[in-house]
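Trainee: after the sequence you'll find the predicted model.
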Amino acid sequence: MDLEYDGLGSKVKILVQLLKEKEMKRSDFTKITNYDSAKKILERLQFAGLTESEAKGDYRDTVIWRLTEKGKKVAEMLVEVEKVIASDSNGL
């Protein structure tokens, strides 16, 4: 059976993408998962102290997400974990 490593999931992908991009709108996360899932994940990450949000725009209808300092540390560690897993999964 051929197995292929496909990452650690949407939460990790969101954290890593925020690390790369610095700031993102919630709609930008639909490249990773659907809008409703992204909203739930971002709210859970915010509750854990990993992300923060800011409403912007004339009607405050645009929500910008970014990592907290704690979130940056976690995301950096996750990047390293993914590198180790990906390098070791080549032999599966």
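Mentor: Received it, and whenever you're ready, just let me know what you need.
Trainee: what is the helix or strand residue 37 falls within packed up against?
Mentor: Assigned by DSSP states H and E, residue 37 belongs to helix 35-47. Under the contact criterion of 3 or more C-beta pairs under 8 Å, 6 or more residues apart in numbering; DSSP states H and E, helix 35-47 touches helix 10-21, strand 51-56. (Glycine included, C-beta is placed from N, CA and C.)
Trainee: make CSV from the ones you listed and add mean neighbour count to it.
Mentor: Listed next are the helices and strands packed on helix 35-47 as CSV, based on neighbours: other C-beta atoms under 10 Å:
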stretch, mean neighbour count
helix 10-21, 18
strand 51-56, 14
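Trainee: OK, contacts around the residue most central in space within the chain?
Mentor: Closest residue to the average C-alpha location of the chain: residue 14 at 1.3 Å, with C-alpha atoms, centre = their mean. Neighbour list for residue 14: 29, 32-33, 38, 41-42, 45 [criterion: C-beta atoms under 8 Å, 6 or more residues apart in numbering].
Trainee: top helix in the protein by residue count?
Mentor: The helix that spans the most residues within the chain, counting by DSSP state H, is helix 69-88.
Trainee: for that one, buried residues please.
Mentor: 71-72, 74-75, 78, 82 (16 or more other C-beta atoms under 10 Å).
Trainee: confidence-wise, which of the residues you listed comes last?
Mentor: Taken together, these show their lowest pLDDT at residue 82, with 84.
Trainee: nearest residue to that one other than its sequence neighbours?
Mentor: Once its chain neighbours are removed from consideration, residue 82 has its nearest residue in residue 8; the separation is 6.4 Å (C-beta to C-beta, 6 or more residues apart in numbering).
Trainee: tell me the confidence at that neighbour?
Mentor: Residue 8 is assigned a pLDDT of 72 by the prediction.
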